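[1] A structural model of the following input is requested.
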Amino acid sequence: MRKMIKAEIYHDEEYYCARCLDVDVFTQGKTLDQVVANLKEAIELHLSDDGERANTLPLNPSLFTFMDLGELNV
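    Numbers count the residues shown, from 1 in each chain. You can find the predicted model right below:
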């Protein structure tokens, strides 16, 4: 069974920024794909450096994000 790590991803004036709600991780990227890849790498590095936290969360976490899609034309 995989555990979920919640993250907030938002776009500022130039970059996409990602902040984990469950672990102390923050990253950014020029594109949404880049920030998601950076977030996964940052989480893996954080968990591999913190032995106690690594025992409570899997090393291959699932990423779960909420995204503001802006105004939709429906």
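
[2] hey, which helix is longest across the chain?
    Looking across the chain with DSSP state H, the single longest helix is helix 32-49.

[3] other SSEs contacting that one?
    Using 3 or more C-beta pairs under 8 Å, 6 or more residues apart in numbering; DSSP states H and E as the contact test, the elements touching helix 32-49 are strand 4-11, strand 16-20, strand 26-29, helix 51-56, strand 62-66. Backbone N, C-alpha and C define where each C-beta goes, glycine included.

[4] for it, C-alpha coordinates in CSV please.
    Taking Å, rounded to 0.1, in the frame of the first residue of the first chain, the C-alpha atoms of helix 32-49 are listed here in CSV:
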residue,chain,number,x,y,z
LEU,A,32,4.7,22.1,-14.5
ASP,A,33,6.4,18.9,-15.6
GLN,A,34,9.8,20.2,-14.3
VAL,A,35,8.4,21.2,-10.9
VAL,A,36,6.8,17.8,-10.4
ALA,A,37,10.0,16.0,-11.4
ASN,A,38,12.0,18.3,-9.0
LEU,A,39,9.4,17.7,-6.2
LYS,A,40,9.8,13.9,-6.5
GLU,A,41,13.6,14.2,-6.5
ALA,A,42,13.5,16.5,-3.5
ILE,A,43,11.2,14.2,-1.5
GLU,A,44,13.4,11.2,-2.3
LEU,A,45,16.5,13.1,-1.2
HIS,A,46,14.8,14.3,2.0
LEU,A,47,13.6,10.9,2.9
SER,A,48,17.0,9.2,2.2
ASP,A,49,18.7,11.8,4.4
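
[5] low-confidence stretches in this structure?
    The chain contains residues with pLDDT under 70 at 1-3, 50-70, 72-74.

[6] the same query, at a cut-off of 50, please.
    Within the chain, the stretches with pLDDT under 50 are 1.

[7] so how far is Glu71 from Ala7?
    From Ala7 over to Glu71 the distance is 23 Å, taken as C-beta to C-beta, to the nearest Å.
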